[in-house]
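Student: Need a 3D model of the sequence below.
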Amino acid sequence: MFKRYFNDFFWVVIFVLCFVLLKTSVLSFYMIPSSSMLPNITPGDRVFLNKLKYALWLPFQSKPILKWSSPKRGEIILFIPPNEKDIFIKRVIGIPGDKISFDKGMITINDHQLSFSYIGNNPTTVYQNSLILEENKDLQLSPHLILMSETPSHTYFEKRNFIVPPNKVFVLGDNRDSSIDSRIFGFIDEDAILGETGFVLFSTTGNDRFFPEFKTERFFKAID
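Tutor: Coordinates of the predicted model:
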């Protein structure tokens, strides 16, 4: 009898260890609490996190033990900012060596201005921002939607210049007028990046109910 209980306990421990290793080192998911990545990622989304995209993490480690790639412009990453404990999600705009300039709402990277195409008013939120297509083929920044006022006046868009140091990235939220990002907390160390996301697993409305209300149109939705 003791042998049978020991055998059961052994397999429970193995299962728990495998689960922890899988969640820590391979893949996980993260619930989006804010609107900073609208319109592409909405509050209540649970996004898939690929933890093997850039490096290998082991349980109870504060930084990866092995790195094999770095983020590229346009990729959406999850990370822990300087002097913070919470996990943030933003889009990579600048990589090491990039010179980034802000002036009257326009963003220039290495003397290439990001192009903005106004699509119309944003229909999904109460924000009075416009739906905009942002891209720059010279920078290999693929087209993606952002939210931004047509006449941005927020201090986030004051005339400022940044040069991205080695092993750092510069990140922005897609909801440009309502995002705490590298314009506020500075560059992100590559060792603080937990992984990349590319699609939504599932989503809920966020209403305070015992049984959540699912947003079925968001299930397994790819993120631009």
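Student: In the chain, where is pLDDT below threshold?
Tutor: Filtered on pLDDT under 70, the chain yields the residue ranges 1-11, 13-26, 120-129, 150-157, 206-210.
Student: Phi first, then psi, for the residue positioned nearest the centre of it.
Tutor: Nearest to the mean C-alpha position of the chain, by C-alpha atoms, centre = their mean, lies residue 89 at 2.8 Å. Dihedral angles of residue 89 (phi, psi; degrees, to the nearest 10) stand at phi -130, psi 130.
Student: Show the contacting residues for residue 136.
Tutor: By C-beta atoms under 8 Å, 6 or more residues apart in numbering, the contact list for residue 136 reads 109, 112-115. (Each C-beta comes from the backbone N, C-alpha and C, glycine too.)
Student: From those, which land in helices?
Tutor: Nothing among the contacts of residue 136 maps onto helices, per DSSP state H.
Student: Just give me the closest of the residues you listed to residue 162.
Tutor: Closest approach to residue 162 among those (C-beta to C-beta): residue 109, at 9.8 Å.
Student: how much space between that closest one and residue 74?
Tutor: Using C-beta to C-beta, to the nearest Å, residue 109 is found at 11 Å from residue 74.
Student: Which parts of the protein are helices?
Tutor: Applying DSSP H to the chain gives helices spanning 2-25, 182-185.
Student: so residue 199 touches residue 220, yeah?
Tutor: Yes - Residue 199 lies in contact with residue 220 (C-beta atoms under 8 Å); the separation is 6.3 Å.
Student: who's more crowded, those two?
Tutor: A count of neighbours by other C-beta atoms under 10 Å puts residue 199 above the other of residue 199 and residue 220, at 14 against 9.
Student: Ends of stretch 115-130, what's the gap?
Tutor: One end of stretch 115-130 to the other measures 15 Å (C-alpha to C-alpha, to the nearest Å).
Student: residues touching the nearest residue to the residue nearest to the centre of the chain once chain neighbours are set aside, list them.
Tutor: Distances taken as C-beta to C-beta, 6 or more residues apart in numbering place residue 78 nearest to residue 89, at 5.1 Å, with adjacent residues excluded. Taking C-beta under 8 Å, 6+ apart, we find residue 78 in contact with 30, 47, 49, 87-89, 193-197.
Student: let's go with 7 Å and repeat that
Tutor: 30, 49, 87, 89, 194-195, 197 (C-beta atoms under 7 Å, 6 or more residues apart in numbering).
Student: Name whatever forms a beta bridge with it.
Tutor: Beta-bridge partners recorded for residue 78 (DSSP bridges): residue 89, residue 195.
Student: Please report how far it lies from residue 41.
Tutor: 11 Å.
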